[in-house]
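A.B. asks: Build me a structure from this.
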Amino acid sequence: VGVVQVITKRGGVFIDQDEQFLEAIGVHLGLALRRAAMVEAFLESQVVARSLELARAIQQGCLPRDAGALHGRPEVDISAALIPVYEVGGDLYDFFPLDEHHLCFIMGDVSGKGVPAALFMVMARTAFKLAASATPGGLGTALTQVNQFLYESKPQGMFVTALAGTLHLRTGRVEYADAGHEPPFIVRASGAVEKVEKEGGMVLGILPGQEYVSGS
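C.D. replies: Below is the predicted model:
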């Protein structure tokens, strides 16, 4: 807990009573220091807890809150939930219109948990939205650009798995591009469930120069 050093005694030498007196004082000093450390740790934990609450609110605010992109499209419905293990995490999803007849969506997972994963998630989501909106070459090209950006920008060892898709609202056809994510499933009107044998690619942010292809 601490050290008390006594060097010189005025008017004589130290005796057993001095040692006993100093030991008694040391016990009380030690208790006071421990209490002070506990109070300081508690106050710091309150600051951290508040910061994490704000981080969670910011992360939730980055996710789409309603299906405004689907207004006037009763044939389309989207439902999603994000429940992180800690206050914040690295899971992500988003959807947005590319134009009047195409709806883009993405879901993904960042390696790791907590604040670093949440920050990396925001980077990946923002980069994809910009790339998908500006890339006429399709989702494969968009993921190629995102992969290069994350590789050049990421902290050591972090990566993202992702599955992105574009829904053609007139036909119901879905074009997708995959970056090491879990395979999607299709639930038919009959209730039958089918796993999509997808065209897959490398996770995002690990290797430069990766090219991603589209499937449908």
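A.B. asks: Regarding the nearest residue to Phe14 once chain neighbours are set aside, what is its secondary structure?
C.D. replies: Closest residue to Phe14 apart from its sequence neighbours, by Cβ to Cβ, 6 or more residues apart in numbering: Val6 at 7.3 Å. Yep, even glycine has a C-beta here, placed from its N, CA and C like the rest. Look at Val6: counting by DSSP: H, G, I helix; E, B strand; the rest coil, its state is coil.
A.B. asks: is it true that Val6 touches Val13?
C.D. replies: No - look at Val6 against Val13 with Cβ atoms under 8 Å: they stay out of range, at 11.6 Å.
A.B. asks: any shared contact partners between those two?
C.D. replies: Listed as contacting both Val6 and Val13 by Cβ atoms under 8 Å, 6 or more residues apart in numbering is no residue at all.
A.B. asks: Can you give me the distance of Met123 to Leu82?
C.D. replies: Going from Met123 to Leu82 by Cβ to Cβ, to the nearest Å gives 17 Å.
A.B. asks: So for these two, which sits in the more crowded spot?
C.D. replies: When neighbours are counted by other Cβ atoms under 10 Å, Met123 comes out ahead of the other of Met123 and Leu82, with 18 against 13.
A.B. asks: Show me which residues of the one helix or strand the more buried one maps to are buried.
C.D. replies: Using DSSP states H and E, Met123 sits in helix 114-134. If you call a residue buried by 16 or more other Cβ atoms under 10 Å, then helix 114-134 has these buried ones: 114-115, 117-121, 123-125, 127-129, 131-132.
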